[in-house]
Structure formats: structure tokens, C-alpha cells
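In: Quick one, structure for this:
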Amino acid sequence: MPDPTKKSTSSSRRLAAIMFTDIVGFTALMGSDTQKALDLLRTNREIQKPLIEKYGGRWLKEMGDGILAQFNSAIDSVHCALEIQKMARSELNNQIRIGIHLGDVTVENDDVFGDGVNIASRLQAAADPGGIYVSESIHHAIRGSTDIKSQYLGAIQLKNVNYLVNTYYLVDEGLPIPSKSKINELFVREGGSIFKSVYTYIAASIILIVAITFLWVQKNEGQDLQAIAVLPVESLTDKSDQQWLEAGIHHALIDELSKIRALRVVSKTSSMKYLDSDKAIPEIARELNVDGIVEASFSTTGENISIQVRLIKARPEERQIWRKAYDYAMQNILSVYNDVAMAIALEANIPLTAEEEKYFSIAQEINPKAYEAYLRGMSYWEKATKEDLEKAMDYFEHAREIDPDYALAYLGIARVWGGYVQHGFMSAKETRTRREEAFAKAFELDSTLVEVRAKMANAYTWGNWDWDKAGKEFQRIIEINPNYAFSRAYYSHYLAIMGDPEKGLPHSELAIRLDPFNTLYQSIHGMALKNARKYDEALEILQKLNDEEPEHGIGLPAIWAVYHEKGNYEEAFETALKIYSIKNNNTAIKALEAGFEDGGYRMAMQRTAEMMIDYSDSTYFAPWQICTLYCRAEMKEEALDWLERAYEEHDNNMPYINVDPIFDIIKDEERFNILKQKMKFPK
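Out: The predicted structure is shown next:
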């Protein structure tokens, strides 16, 4: 028979939102005026307990001036925290710090333990007085709420947490915005965040107060890294034409490390920003939001190459944790990249899957002359002028002649044909066959080339409308290279087209984290947010992009679309004017201005569409473009007429009819739904 005097020790694990609060300056007050401190505790309790209950939370315990509460809903926990801060400002006369984390906790005897509690308490200790810091898990849970706004602060090394915690602060009236000095303090001081070293509360008189002490934890000496950047590679050989090899080694190191699923690797576009930079390693790491930096240099002697690589832990302080030199014949250079990836994973305690270990252990050889021709071709291809593209083609063709089974040579050839089209030197019709043939040959020779698979995934989505094949291809790319930012960005749109824009957002967010300076991915994420109807978030990222690149070809139309959906028609009109001004389309500008003067925004849209139709004999205007103008003018029949023409032309934008809010005005029309049925979107 069980003893009723003994407490049950049964425990369970569950996912919960944990909120931790404390009163700023309580320790000092306790030492100077005990009675006032006790009155403050009582008032704090009277404020917080009813609010925690109001939002469905569970008061767990009071620890000195700290209060621990549990919520089943992340949104409820945040609403509760906001109201606590509001009442504290008016009734407590003291500031409160709050930290919230959504994670696994162990529940035992009406108490909770575990990582969730630890992170919440550490976020609270790092927060500004009067502020609320939340973890990324809370941010993801609340981002669909229109009345809650959080701002990314950075990846912080919290005490007693052996990994970087992506941290956000809540933005609301009365809440502090972290100052520059605060941010510097969080990232520069050892440990990455600020904690009071010891809290001691001593009871006196007839009132019992529990003494609580938060202890400093010894610095974690593990080398665990979650995100790294490979800085531009330096040639130590006294040769003037080594740039092609510098770029090739840099790209290859990034590509191999990116195949490690458990590691986030910054893309080449963003890491190249630090070519010849004099910034310190910790500063670079902070700007790229990584905790590790890889530096490499090389020298060549005849057919041999020596590559020196070192791994630096950048935060909380700069410290080299590994260094090695590799001396190989040039034909074995691919094995160097594999060995570096394996060594870094080992030194940084990064787990490798069985498939990854198998891949990195396979020795690879390459024809040195073909490899050199390919890298030289890439150095010209990236410059993208017509002359440079022609030189690139010569080198890629030469690489193919040296080694007819060299997949990258065919990929390079396909890239040049694509470059001719992208930069307006040739039409898509002129190049399509040769480009497709080169891609097909590259894929036949090496099916692991994510660049080829990305082309296939995009073609299945926007070209063939083969949703099943597109989804499988995107998934395979992620399996091969989880850090390939290009496909992550476009996969977000694929998932939106499949009817789940929310599910796609983490992928476009990851693309930006992998390549934070890439404006294409910023614009794609802005569009993804727009399609998920998160208009304020979309506008925030798109306006930032517009500040950096005012004439961005994707960003500006996306801003126009967001203003339209928000009903900000004057701003939408001004953005449309700017777009057509950049295109030097004076006829469209006149139509816009005359229409706006006669009947406002909708008339401006109508007149512009009519102008395009009138001039269609001499100038081609895409039916899709005319359709969207009529949608903005709220002219349903005309919009449907031109949408049907866009379908007949197999316009690459057609997949977006399943997600873009611009079609809300016609989404219930029979003709619209017939088009959706023809495109066979999944239900």
C-alpha cells in the first residue's frame, strides 16, 4: 500500500512555453530597505499571478524576485508578457526583465526542469530592463500574429547553454530597443550575454524568504560550431594569374562543407564581401551570424599544390582550434576538399550521417588541365559581359575537349548559354536547345551536381508544372547539399504554390542566413512573406532591400504588390511610376498619370492595361502583366480574359495563381477555377 506521506516522483516530458521574469534592482533594494523590497514583491505577485491565469498559464514558483510560469500557447505567453510590462510601468515603479522560450521541459511533482527553463532564465538575464527577449522557437510560433512584432537581435552564447541561441526582442510601445552598446556588450563580453553573477536574498523578521543563488557556470570548453563562413582564399605563390585558382578553391571548400547537414555554411556571395577586408574575425562572424571562420591559403609547385587551412572559433572570443597543411598532386585536389570537410566536422564536434561519411571518404581524381580550364572559365563567367562570356565558353569547351566525361565542363557551357539570355545578348529561343543538351549531359555524368538539379526543379515547377517531380527534385537537392541557398529560396515558393506558404517561409529565411548579402534571396523572401499575407514583415525586408538597391528588378514590383494588398494605393501608384521610369516606358507613365488624375489608382491601372493592349501590335506585353493590372483595377472579366491568354502562352508566372493574393478578386469565379483544375494543383 503506498505511503500517503510520500510525494510521487513520476515525471513526464512535454513542449511548453516557459516565461521567466525578475525585478531589476531588487538585490540593491533588499540591502537598503527590506520592507520596501517585500512590498515590491507583493505588488509584483498581485500583478503577475492574475495575468498568468488570464492567459491560460500556470504559475510554477516564485524565486526571490523571479517568477517562473508555464504556458501551452506561445502566443498566450507573449501576450501575457506584454501586459505584465504594461502594468509594471504604471503600477510597479520598477522595471522587469522577461525571457520566454518554447521547448521541451520535464514536469515532476508540480515543478519543471530542463533546457526550456534554463534558456528562458538566461534570456531574461540578458534582456534590457523593461524588455522582453524570446528565443527563435517563440519567434516562429508568433510570426503569424499581426499584433506581435519581434526583431532579430543575433545568435547569443547564453551561459550554461552549449550552443548559440538565436534571440529576438519584442517590439511594442514602451518596450526598449537594444542600444548599440547593449548589442556590443552581448556579443563582445565573454559568454556572449550578460548575467548577474550572484543573487542572494536573505530573510529577516517573521517573514520567510527563500534564498536563491544563480551561480556562474564554467565556460564550456567544447569546440561545437553550428555555423561557419569560409573567407576568400589567398595565394602564396608569386604569380599574377592565380585569381582563378583562388576563386575555385574558395568555392570548392564552401561546396564541400555545405554538404554537412548539421552545419550552416555561408554562401560564396556573402563571404566574398570580405575579400581584402581588414575587419577582425569576431566582427566578420557577427555580421554573418556565424560562430566559426575558415581561413585558407595555398601555393603551387609544378603539378603539386599545398593548401593550408585553419579553423577559428570566433565567439565569444577569437581562438584558433585547428590547423593543417595538405600537400597533394593537383589531380587529387578534390580529395583535399573532402579531407578538410571531414577534419572540420571532427574538430567542431559536428555529427556526420553515414551517407556523409561515405561521401567524404571516397578518393577522387581529376584531370588537372581540364580542372584549370573549368576554373578559368568560371572566373570569366562571373564577370558576365559579352566578351567575358565568350572567353568563358572557350575555356569550358577546352575543358570538354581535354576530358569528354567532365561534368562540370558541360555545366559551364550551359551556364554561358543561360548568361547570354539573362543579360540580353541572345533570346531564350535561340539558346534553349543547346542549353538543355549541355544540362542533360552534365546530369548524365554527375547526378549529384546541385546546380543541374536546381535547374531541373525550377523547370518542373515554373516550366512544366509537374508538381510531383519538382517536389522530389527539391528534396533531393536538400539531401545532397542542405546549404544550397538558391534552391532553399525557390523551394519556399514551390511550397507556397502547393498551398502552404507558411511552410515555405523557413526555407527562404534560411537562404538569407546562408547568403545574407544576396539581394535576390532577400527579394524572394519578401515575396514569400507577401504570399503568406504577412504584409508588414514583407514591406520591412523589401524596403531595406530598396535602400540598398533602389532599382532591384524583383524587389520593386514586390513592394508595389505589398502596397496594393495593404490598400496603400498612393504608395502603390508611386512605386509603379518608379518601375516604369526605370524601364524608360514613357507611354506607361503617361497612362498611369492620366488615369490617376481622372479616377485614382484603379483608373490608373485600367488605363495602363489598355495602353498595353493598344500598343500590342508593335510592342510585346505579357498577358500576365495585363491581367495583374486588371486585377488591380478590379475588372474581373478583363483580368480573366488575359489570365486565360497567359495560360495559353504557358507563362512561367502561372503557378502563382494558387497563392498570390492579387487573385483574391477573381478566385471564386468559375473561369479561374477551371484554370486551376487544368494546372492540377494538389488539393
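
In: Is P550 located within a helix, as I assumed?
Out: No: when DSSP: H, G, I helix; E, B strand; the rest coil is applied, P550 is found to be coil, with no helix at that position.

In: now it: how far from T519?
Out: In this view, P550 and T519 are 11 Å apart by C-beta to C-beta, to the nearest Å. No exception for glycine: its C-beta is placed from N, CA and C like everyone else's.

In: Can you pick out the residue with more neighbours from those two?
Out: Between P550 and T519, counted using other C-beta atoms under 10 Å, the more crowded position is T519 (17 against 11).

In: dump the residue contacts of that one.
Out: When the contact criterion is C-beta atoms under 8 Å, 6 or more residues apart in numbering, the partners of T519 are 545, 548-549, 552, 555.

In: any idea how far it is from I512?
Out: The value you get for T519 to I512, if C-beta to C-beta is used, is 10 Å.

In: Also V105?
Out: Going from V105 to I512 by C-beta to C-beta gives 31 Å.

In: And the two? Which one has more around it.
Out: When V105 and I512 are compared on other C-beta under 10 Å, the one with more neighbours turns out to be V105, at 25 against 20.

In: After the lowest-mean-pLDDT helix or strand in the chain, which helix or strand is next? Please name it.
Out: Taking mean pLDDT, DSSP states H and E as the measure, the chain has helix 180-188 as its least confident helix or strand, at a mean of 66. Once the chain leaves helix 180-188, the next helix or strand it forms, by DSSP states H and E, is strand 227-230.

In: can you map out the helices along the stretch 251-400 of the chain?
Out: In the stretch 251-400 of the chain, the segments counted as helices under DSSP state H, counting those that start in this stretch are 268-271, 281-288, 333-347, 354-361, 368-381, 386-402.

In: Out of the ones you listed, the one nearest G66 is which?
Out: For G66, the closest of the helices of the stretch 251-400 of the chain is helix 281-288, at 29.9 Å, according to C-beta to C-beta.

In: same for the closest one, what does it pack against?
Out: Other helices and strands packing on helix 281-288, by 3 or more C-beta pairs under 8 Å, 6 or more residues apart in numbering; DSSP states H and E, are helix 180-188, strand 227-230, strand 292-301.

In: what about 7 Å?
Out: For helix 281-288, the helices and strands in contact under the criterion 3 or more C-beta pairs under 7 Å, 6 or more residues apart in numbering; DSSP states H and E are strand 292-301.

In: Just the CA coordinates for the strand it packs on, please, in PDB.
Out: Taking Å, rounded to 0.1, in the frame of the first residue of the first chain, the C-alpha atoms of strand 292-301 are listed here in PDB:
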ATOM      1  CA  GLY A 292      33.300  29.800 -36.800                       C
ATOM      2  CA  ILE A 293      35.600  31.100 -39.600                       C
ATOM      3  CA  VAL A 294      37.700  29.100 -42.000                       C
ATOM      4  CA  GLU A 295      40.800  30.700 -43.500                       C
ATOM      5  CA  ALA A 296      42.800  29.000 -46.300                       C
ATOM      6  CA  SER A 297      45.900  29.800 -48.400                       C
ATOM      7  CA  PHE A 298      47.800  27.800 -51.000                       C
ATOM      8  CA  SER A 299      51.000  27.600 -53.000                       C
ATOM      9  CA  THR A 300      51.700  25.600 -56.200                       C
ATOM     10  CA  THR A 301      54.900  23.900 -57.400                       C
END
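
In: Break the chain into its domains for me.
Out: 11-188, 227-365 (automatic domain parsing).

In: lowest-confidence stretch among the ones you listed?
Out: Ranked on mean pLDDT, the bottom entry among these is domain 11-188, at a mean of 81.

In: distance between it and the chain's centre?
Out: Taking C-alpha atoms, centre = their mean, to the nearest Å, the mean C-alpha location of domain 11-188 is offset from the chain mean by 25 Å.

In: can you check stretch 302-314 too?
Out: Stretch 302-314 sits 29 Å away from the centroid of its parent chain (C-alpha atoms, centre = their mean).

In: buried stuff in that stretch?
Out: The neighbour-count check on stretch 302-314 (16 or more other C-beta atoms under 10 Å) flags 305-309, 311-314 as buried.

In: mind listing which of these are in strands?
Out: Filtering the buried residues of stretch 302-314 for membership in strands, criterion DSSP state E, returns 305-309, 311-313.

In: Count the residues that sit near K369.
Out: One way to gauge burial is a neighbour count; for K369, by other C-beta under 10 Å, it gives 16.

In: excluding its backbone neighbours, what's nearest it?
Out: On the basis of C-beta to C-beta, 6 or more residues apart in numbering, the spatially nearest residue to K369 that is not a chain neighbour turns out to be I402, at 5.1 Å.

In: ok, now R89?
Out: In this structure, R89 finds its nearest non-sequential neighbour in G174, 5.8 Å apart by C-beta to C-beta, 6+ apart.

In: Surely the one you found forms part of a helix?
Out: No: residue state for G174 (three-state DSSP) corresponds to coil; a helix is not indicated.

In: Now do the same contact list for P501.
Out: Taking C-beta atoms under 7 Å, 6 or more residues apart in numbering as the definition of contact, the neighbours of P501 are 528, 531-532, 659.

In: I meant D241, not that one.
Out: Residues counted as contacts of D241 (C-beta under 7 Å, 6+ apart): none.

In: ok, now how distant is it from S32?
Out: Relative to S32, D241 is positioned 72 Å away (criterion: C-beta to C-beta).

In: which of the contacts of T519 tops the neighbour count?
Out: Of these, with other C-beta under 10 Å as the count, G555 tops at 25 neighbours.

In: Hmm, that residue is touching D547, no?
Out: No: with contact taken as C-beta atoms under 7 Å, G555 and D547 are classed as non-touching, separated by 10.2 Å.

In: Where does the residue lying closest to T431 once chain neighbours are set aside sit: helix, strand or coil?
Out: Computed as C-beta to C-beta, 6+ apart, the closest residue to T431 that is not its neighbour in sequence is W417, at 4.3 Å. What three-state DSSP gives for W417 is helix.

In: Look at W417 and say how many residues are nearby.
Out: Counted with other C-beta under 10 Å, the burial measure for W417 works out to 23 neighbours.

In: My guess is it contacts R435. True?
Out: Yes: using C-beta under 7 Å, W417 makes contact with R435 at a distance of 3.8 Å.

In: Between those two, which contacts overlap?
Out: Counting by C-beta under 7 Å, 6+ apart, no residue touches both W417 and R435.

In: So Y133 sits against Q85, correct?
Out: No: with contact taken as C-beta under 7 Å, Y133 and Q85 are classed as non-touching, separated by 12.0 Å.

In: who has more neighbours, these two?
Out: Taking Y133 and Q85 together and counting by other C-beta under 10 Å, Y133 has the greater number of neighbours (30 against 23).

In: what's the following helix or strand after whichever strand or helix holds that one?
Out: With the criterion set as DSSP H and E, the secondary-structure element containing Y133 is strand 132-135. Sequence-wise, the next helix or strand downstream of strand 132-135 (DSSP H and E) is helix 136-142.

In: And that next one, what does it pack against?
Out: In terms of contacts (3+ C-beta pairs under 7 Å, 6+ apart), helix 136-142 is packed against helix 74-87, strand 96-108, strand 165-171.

In: With distance to S258 as extra columns, can I get these in CSV?
Out: Converted to CSV, those look like this (distance: least, C-beta to C-beta, whole Å):
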stretch, distance to S258
helix 74-87, 31
strand 96-108, 28
strand 165-171, 20
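
In: These: which one's closest to I183?
Out: Nearest to I183 among the helices and strands packed on helix 136-142 is strand 165-171 (10.3 Å), distances taken as C-beta to C-beta.

In: That closest one pairs with which strands?
Out: Sheet neighbours of strand 165-171, with direction, are listed as strand 132-135 (antiparallel), strand 149-156 (antiparallel) (DSSP bridges).

In: would you put the C-alpha positions of that strand in PDB?
Out: Coordinates of the C-alpha atoms in strand 165-171 are reproduced here as PDB (Å, rounded to 0.1, in the frame of the first residue of the first chain):
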ATOM      1  CA  VAL A 165      20.700  30.800 -29.300                       C
ATOM      2  CA  ASN A 166      19.000  32.900 -32.000                       C
ATOM      3  CA  THR A 167      17.500  35.700 -29.900                       C
ATOM      4  CA  TYR A 168      14.800  38.200 -30.700                       C
ATOM      5  CA  TYR A 169      13.400  41.200 -28.700                       C
ATOM      6  CA  LEU A 170       9.800  42.200 -28.800                       C
ATOM      7  CA  VAL A 171       8.800  45.500 -30.300                       C
END
